[in-house]
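A.B. asks: Sequence plus predicted model, see below.
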Amino acid sequence: MPLNVVVCLKQVPNPDLQFQPSSDGKDIKREAVNYKTNGADEYALEEAVRLKEKHGGTVTAITAGPKRTEQMLREAMAKGADAAVRAGFEDPAAVDPFQVARILAATLGKRPHDLVLTGVQSDDYVYSATGPLIAGFLNIPHASVVTKVEVQEGGFKVWRELEGGDQEVVSLPKPALLTVQFGINQPRYAPLPAIMRASRQPIQEMKPSDLGQPSWDGFRGPYAMSVRQVSPPAAKGRAEMIPGKVGDQAKAVAQLLREKGLFRG
Amino acid sequence: MTTGGNVLAIAEHREGKIAGSTYELVAKGRELATGMGGSVRAALLGKGVASLAREIASRGVEVLLVEHEALETYTPGGYSQALAVISAVSKPRVILFAHSAQGFDLAPRLAAEWNAPIVANCVDLAMEGGSLIASRRILNDKMAVELSVTSEQPYLATLRPGSVKPAGPSAGMAPVTPVQVAVDPAKNGRTFLGYEKPQVQDIDIAAADVVVSAGRGIQKRENLALIEQLAKALGGVLGASRPLTDLEWLPKTRQVGQSGKTVHPKLYIACGISGAMQHVAGMKDAGLIIAINTDPSAPIFEVAHYGVVANVLEFVPALVRELRGGS
């Protein structure tokens, strides 16, 4: 039973970097930001490609984002996606997951989809909302935090991770949407010839008019959402920092452990 | 908006136990509702859960209790059908969910179905005028954001567990009000098949007095040995953050965090762990927390009592030498 899988990808600022507020205090300063594919989305893409390799079918990578996101879509094609689509939503911050999910739902709703995969969360905003929102807009069943997928007659059996290490096993008819948890697989690296080939592959671009709206604002919900402020978090229980070079720090910590009675010797 | 300012807190329970986060929702909901001149209520959905309803009501909050065969375990479809009815009855301005594997599975789906705004993974919420102000952490907790949302529809919000103090027991018992709801299991979409528990064939890190955990900062699997040496020198056990168990450098049983173990040792040492929410949820209540990280802005230093900005691969061997009697 071949599967048509659509995987939704997001390009995010590398969260390992340091950040500052923009001059108007409504976003992070983006000029020097280094972007990467969202961590959980790498696992979603790998799972999509593995399902295709096992069952046949296609993988389509889609995103809603500015031109820079084409780099991410090319990487996805180099790793096994057959086609890529970019909804040309140019807002670099895109803080409302409702709007983004509606754009993605409209984009992927136009193509065959037995299975839609997203990452469990984005590394930048960590809403964990986009996947279930898309499923709601498409009116298809979904499951979040998925750690294992089995294809069954007419649908899927999936394992989802709950708090405390327990798993919940559920079944869903197809088409369905799953949000993929870190660690479900080991994502592959793209081989060089595939990277070369992907650099020449087309990326389909969707404009709002292709999706039946005069502008991207047409995808907003019936409410107003805005950023009041972006700032470094107020340090609440900031640690007491141990100064000095490594040797001095080690001496200080050893002494501390002895003083607190946590080490005797 | 003639409905005043009621808040609905969606209770979470599994296998006969109320999730602790439910009482955090009640506390935050009470605060929001008081400010709007309304009241907070909890919604409990399930089958044969009247005793759980009373448990919640003993915290001084009225419970809307929906019992139905098709709600015995959580499914987004079943909960969506029931909550549509409850929402129509109780007319909340704000509906609160825990930011949990259930809460963030459900709340955004309802947002799409109801055409309502969703703010997820909030660390605080406040009402200002008719607007909801949501405080959030982004980019590995390195930045704080305040969002303002103005809506006629109810606001849907998920609250990060551990962000607010839970509601305590109250002097008087609040009422439990049964609500009749027709749930069509055929519309549930997804079917619950069962739970699977981890097979424990390893030491229980939750029972240890000292836990020394390794994170991505150790760079290579071989370097686990260094961290284990420190754990042994302190009579403790080796734990890990999620990325290392995902890479299978250590078994899942060693994972500290929301999806792993919650530990309360006397001493917790975080070696090369940045301190993502998922990890911090599992160790923040340790007696003494020492963190080592090269990045001075790493959020682990917000929960640690003592911080060391250093390469963990240099610091840990130096500390082991000091503990063994100096170099």
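C.D. replies: Thanks, I have the structure now. All values reported here derive from a predicted model rather than from experimental measurement. Numbers count the residues shown, from 1 in each chain, chains lettered A, B, ... in the order given.
A.B. asks: what about residue A:108, how many residues close to it?
C.D. replies: 22 (other CB atoms under 10 Å in any protein chain shown). (C-beta placed from N, C-alpha, C; glycine too.)
A.B. asks: Surely it and residue A:6 touch.
C.D. replies: Yes - counting by CB atoms under 8 Å, residue A:108 sits close enough to residue A:6 to count as a contact (4.7 Å).
A.B. asks: Overlap of the contact sets of the two?
C.D. replies: Taking CB atoms under 8 Å, 6 or more residues apart in numbering or on different chains as the criterion, residue A:108 and residue A:6 both touch A:60, A:62, A:116.
A.B. asks: Okay, and which of those map to helices?
C.D. replies: Judged by DSSP state H, the shared contacts of residue A:108 and residue A:6 include no members of helices.
A.B. asks: close to chain A, is stretch B:248-265?
C.D. replies: Yes - for stretch B:248-265, a contact with chain A is found by CB under 8 Å from any CB of the partner chain, at B:252, B:255, B:258-262.
A.B. asks: element containing the residue of chain B found nearest chain A, please.
C.D. replies: Residue nearest to chain A within chain B: residue B:112 (2.6 Å; CB to the nearest CB). Under the criterion of DSSP states H and E, residue B:112 resides in helix B:103-114.
A.B. asks: does residue B:50 really touch residue B:63, like I thought?
C.D. replies: No - if you go by CB under 8 Å, residue B:50 and residue B:63 don't touch, sitting 9.6 Å apart.
A.B. asks: Between those two, tell me which one has more neighbours.
C.D. replies: Neighbours per residue (other CB under 10 Å) separate residue B:50 from residue B:63, with residue B:63 holding more: 28 against 14.
A.B. asks: Make sure that one is indeed in a strand.
C.D. replies: Yes - if the criterion is DSSP: H, G, I helix; E, B strand; the rest coil, then residue B:63 is within a strand.
A.B. asks: who's it bridged to?
C.D. replies: Beta-bridge pairing for residue B:63 (DSSP bridges): residue B:42, residue B:176.
A.B. asks: wait, what's in contact with it?
C.D. replies: B:11, B:41-44, B:53-54, B:56-57, B:174-177.
A.B. asks: In this structure the residue of chain B closest to chain A contacts residue A:131, no?
C.D. replies: No - if you go by CB under 8 Å, residue B:112 and residue A:131 don't touch, sitting 10.6 Å apart.
A.B. asks: Give me the neighbour count for residue B:166.
C.D. replies: Residue B:166 has 16 nearby residues by other CB under 10 Å.
A.B. asks: Now it: closest residue in space that isn't a chain neighbour?
C.D. replies: residue B:23 (3.5 Å; CB to CB, 6 or more residues apart in numbering or on different chains).
A.B. asks: Chain B contacts on the stretch 1-150 of chain A?
C.D. replies: A:13, A:15-16, A:18-19, A:21, A:28, A:95, A:97-98, A:101-102, A:123-137, A:140-145.
A.B. asks: Now do the strands in the stretch 1-150 of chain A.
C.D. replies: Per DSSP state E, counting those that start in this stretch, the stretch 1-150 of chain A carries strands over the ranges A:3-8, A:11-13, A:35-37, A:57-64, A:83-87, A:115-119, A:142-152.
A.B. asks: now for the second one, which elements pack on it?
C.D. replies: Taking 3 or more CB pairs under 8 Å, 6 or more residues apart in numbering or on different chains; DSSP states H and E as the contact definition, the neighbouring helices and strands of strand A:11-13 are strand A:35-37.
A.B. asks: Sheet partners, orientation included, of the strand it packs on?
C.D. replies: By DSSP bridges, strand A:35-37 pairs with strand A:11-13 (antiparallel).
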